[in-house]
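A.B. asks: requesting a structural model of the entry that follows:
(2 chains)
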Amino acid sequence: MHEESNVPSVFKAIAFLSLAILLVPMAVVVLAGLNSGDYLTFPPQGLSLRWIKAFLTSPTFLSAYGVSFVVALGATLVSTLFGTMAAVFLSRSSSGSVPVLRGFFMLPIVLPGVVLGLALYVFFVSSGVGLARTMPGLLIGHILVTCPFVIATVTASLVGFDRSLEEAARSLGAGPVTAFRLVTLKIIAPAISAGSIFAFIVSFGQFELTLFLTAPDLQTLPSAMYTSMRYKFEPTAAAAGIFAIALVVISMVVTSRLVNLKKIFER
Amino acid sequence: MSDIQLKNLTKSYGTYTAVAGIDLKIGEGEFFSLLGPSGCGKSTTLRMIAGFIRPTSGEIFIGSDEVTALPPEKRDIGIVFQNYAIFPHMSVAENIAFGLKLRKRPKEEVRSKVKAALQQVGLAGYEDRYQRQLSGGEQQRVALARVLVTEPRILLLDEPLSALDKSLREEMKYWIKDLQKRLGITTVYVTHDQDEALTMSDRIGVMQKARVVQVGTPEEIYERPKTLFVTTFIGHSNVIDVTVVSKGPDMMVVLDGRKLPTRGPENLEAGRAAKLVVRPENVLINPDARASVTLSAKVIGESYQGAIVRYRLGIGAQEIIAERQNSIGNERFSPGAEVMIGWDPGMTEVLAT
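C.D. replies: Next up is the predicted model:
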């Protein structure tokens, strides 16, 4: 049922150009990571898997990759759950506190990451809660910045949601929770998955905030790459970048496949 | 099947009263319409019966059970919404099976009941379609099948025809009425469309400003309106200024200097200004002996409508409308013509202003 696109070719050209400009740096990173020279240069002085191998054998990078993955996974799970609940509340409550709460929940992405990171760090240290430079502390920081993405996408899907669908389910014998689970949740599921993909990507690439919350033995991939670039100008960081890009791309493809598969099963 | 009883049912939102103390008894197997303009409280009433809105005060009974405080899923009702609310992520068969699965019926039974329900609404073979592949009329049939398959005690219909185009609306009107009669299910039908209410209902409750102003059969509502609102909201009416001469069933009023017999309530005292109500189809032009009331009038305008011809007539300073069948042998009158008009006093009503 796809209609023939009637977008003028000028727009197509502009879109293609913008996409190219956005994607070129990625190509640079990938090529730099496949460099055979000793330093991070572009164009590469020849292609080799030398730095890929260095990355795969570097304890610093591997553990940073692991930390990033675990943090992103944890932050995604928690913010998907909390964000969805918050979105349901925000779009359904008639309370006067809704606009205030909406602004409050969005604050973490409006505030500069540096400010948020500093604030969290100072709070963790001065309050003595023992979260400074720990995994739970890092996780809390990441949940703060990933939650708004889930809230925004899920709220968008709930804005046009027809409440009579849920009422129909109720009248047919479903309790409030069952009606929500069998009808509402199923219909907004694509938005929830989209929100969780956003959350994962944001967490995995999060840098400024992380800077204040990591310790030498608790490095995320972006901070490890940054440290490595500062002290030795090695292409290992670029190789790590390849793996970061790969993980994000794979996670997106897998998630969208899962969502589509579910749709296929339902048909 | 059960009857429905509303006792002093009230819903207010702050200082705004949406429904103000409704008392109604809807009989077993009855097709009852709540008719009124938008904002009159008819939908709020229906949603209170369904359990989506908690009444501020008053009681709701379905059969002998008081359901006022019960959530919708415990009331054993079926409701069809204006937009049908077909679950878009489920096939037609899954939509219809929804209520049965919640009731944990065996798979075989669910399958055969879904099939029977689709047959009943004339959609056999539609099991695997999705909402977006259905027309408005088909969605409505699916919504009805989904409700009826659970065998609810009462059926609630919230303006179910308003989203359909005119010809389909006509067809569905008779179809729904037939189905309801066949099943004998107590039905509450909310509408702002007088034609729907008049053709489908056993009884109608006319609502105005949060209250039920008159309850009666379609004939009673149309021919014996109790208030000016009812007479003007349902069909067209001539509302003529008159003065009461004597009250009661043998009421006399003065119109254009002539004393006329009519009917009216006891509470209109002699000397009061009142409104004489007569339907355009009951105003006869150059009548025969049937009309015991005759007046002279002047034709002001004529408008041809096909099956009927509508005349604007002047009586003194007032203007009334008369409708005449456009059948063979019926004389036509041109503007300016002097005519006699008349009516049967039994087809008129005097109402307080």
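
A.B. asks: spatially nearest residue to the residue of the stretch 101-250 of chain B at minimum distance from chain A, not counting backbone neighbours?
C.D. replies: Going by Cβ to the nearest Cβ, chain A is nearest to B:Leu102 of the stretch 101-250 of chain B, at 4.3 Å. For every residue, glycine as well, the C-beta is placed using N, CA and C. With sequence-adjacent residues excluded and distances taken as Cβ to Cβ, 6 or more residues apart in numbering or on different chains, B:Leu102 is closest to A:Gly173, at 4.3 Å.

A.B. asks: B:Gln139 versus that neighbour, what's the distance?
C.D. replies: Distance of A:Gly173 to B:Gln139, given as Cβ to Cβ, to the nearest Å: 21 Å.

A.B. asks: flag every residue of chain B that's near chain A.
C.D. replies: Within chain B, the residues that sit near chain A (Cβ under 8 Å from any Cβ of the partner chain) are B:50-52, B:71-73, B:75, B:77-79, B:81-83, B:85, B:87-91, B:98-99, B:102-103, B:130, B:143, B:146-147, B:150.

A.B. asks: among those residues, which are in strands?
C.D. replies: Using DSSP state E, the members of the residues of chain B next to chain A that fall within strands are B:77-79.

A.B. asks: residues in contact with B:Val230?
C.D. replies: Counting by Cβ atoms under 8 Å, 6 or more residues apart in numbering or on different chains, B:Val230 makes contact with B:206, B:208, B:213-214, B:221.

A.B. asks: biggest separation within those, which pair?
C.D. replies: Spanning the widest gap among the contacts of B:Val230 are B:Gln208 and B:Ile221, at 12.7 Å by Cβ to Cβ.

A.B. asks: more neighbours: those two, which one.
C.D. replies: When neighbours are counted by other Cβ atoms under 10 Å in any protein chain shown, B:Gln208 and B:Ile221 differ, and B:Ile221 comes out ahead with 27 against 18.

A.B. asks: poorly predicted segments of the chain, please.
C.D. replies: Assuming you mean chain A. Applying pLDDT under 70 to chain A picks out residues A:1-5, A:258-267.

A.B. asks: that's the wrong chain, I meant chain B
C.D. replies: Residue ranges of chain B with pLDDT under 70: B:1, B:289-291.

A.B. asks: which one's the longest helix in it?
C.D. replies: Across chain B, the helix with the greatest residue count (assigned by DSSP state H) is helix B:166-183.

A.B. asks: ok, which residues in chain A are in contact with chain B?
C.D. replies: Residues of chain A lying close to chain B (Cβ under 8 Å from any Cβ) are A:162, A:164-165, A:167-176, A:178-179, A:182-183, A:186-187, A:266-267.

A.B. asks: are any of those buried, and which?
C.D. replies: Among these, those classed as buried by neighbour count (16 or more other Cβ atoms under 10 Å in any protein chain shown) are A:164-165, A:167-174, A:179, A:182-183, A:186-187.

A.B. asks: which two in those residues are spaced the farthest apart?
C.D. replies: A:Gly173 and A:Ile187 (19.0 Å).

A.B. asks: and the closest residue in space to B:Ser57 that isn't next to it in sequence, helix, strand or coil?
C.D. replies: Excluding the flanking residues, the one nearest B:Ser57 by Cβ to Cβ, 6+ apart is B:Thr10, at 4.7 Å. Using DSSP: H, G, I helix; E, B strand; the rest coil, the structure places B:Thr10 in strand.

A.B. asks: just checking, B:Thr10 touches B:Thr17?
C.D. replies: Yes - between B:Thr10 and B:Thr17 there is a contact under Cβ atoms under 8 Å: 7.1 Å.

A.B. asks: so which of the contacts of B:Val230 are in strands?
C.D. replies: By the criterion of DSSP E, membership of these in strands covers B:206, B:208, B:213-214.

A.B. asks: top of those by neighbour count?
C.D. replies: In the ones in strands among the contacts of B:Val230, the most neighbours by other Cβ under 10 Å go to B:Val206, 26 neighbours.

A.B. asks: pull the contacting residues for that one.
C.D. replies: Going by Cβ under 8 Å, 6+ apart, B:Val206 touches B:35-36, B:212-215, B:221, B:229-230, B:233-234.

A.B. asks: how about B:Glu338?
C.D. replies: By Cβ under 8 Å, 6+ apart, the contact set of B:Glu338 is B:296-299.

A.B. asks: ok, of these, which one's closest to A:Ala215?
C.D. replies: Among the contacts of B:Glu338, and counting by Cβ to Cβ, the member closest to A:Ala215 is B:Val299, at 99.4 Å.

A.B. asks: ok so the closest one is a helix residue?
C.D. replies: No - looking at B:Val299 with three-state DSSP, it is strand, so not inside a helix.

A.B. asks: quick check, it in contact with B:Ala337.
C.D. replies: Yes - using Cβ under 8 Å, B:Val299 is in contact with B:Ala337, at 4.6 Å.

A.B. asks: okay, now residue 236: neighbour count?
C.D. replies: If you meant another chain, say so; for now it's chain A. Other residues near A:Thr236 come to 25 when the count uses other Cβ under 10 Å.

A.B. asks: other chain: chain B
C.D. replies: Other residues lying near B:His236 total 13 when counted by other Cβ under 10 Å.

A.B. asks: with B:Gly39 instead?
C.D. replies: Here the number of neighbours of B:Gly39 (other Cβ under 10 Å) works out to 13.

A.B. asks: quick one: residues contacting it.
C.D. replies: Neighbour list for B:Gly39: empty [criterion: Cβ under 8 Å, 6+ apart].

A.B. asks: distance of it from B:Ala18?
C.D. replies: 9 Å.

A.B. asks: so for stretch A:11-19, what gets flagged as buried?
C.D. replies: Under 16+ other Cβ under 10 Å, stretch A:11-19 has no buried positions.

A.B. asks: about what we covered before: surely the residue of the stretch 101-250 of chain B closest to chain A and A:Leu172 touch.
C.D. replies: Yes - B:Leu102 lies in contact with A:Leu172 (Cβ under 8 Å); the separation is 6.5 Å.

A.B. asks: which other helices and strands contact the following helix or strand past the longest helix of chain B?
C.D. replies: Going down the chain from helix B:166-183, the next helix or strand is strand B:186-191, by DSSP states H and E. Helices and strands touching strand B:186-191, by 3 or more Cβ pairs under 8 Å, 6 or more residues apart in numbering or on different chains; DSSP states H and E, are strand B:31-35, helix B:42-50, strand B:154-158, helix B:194-200.
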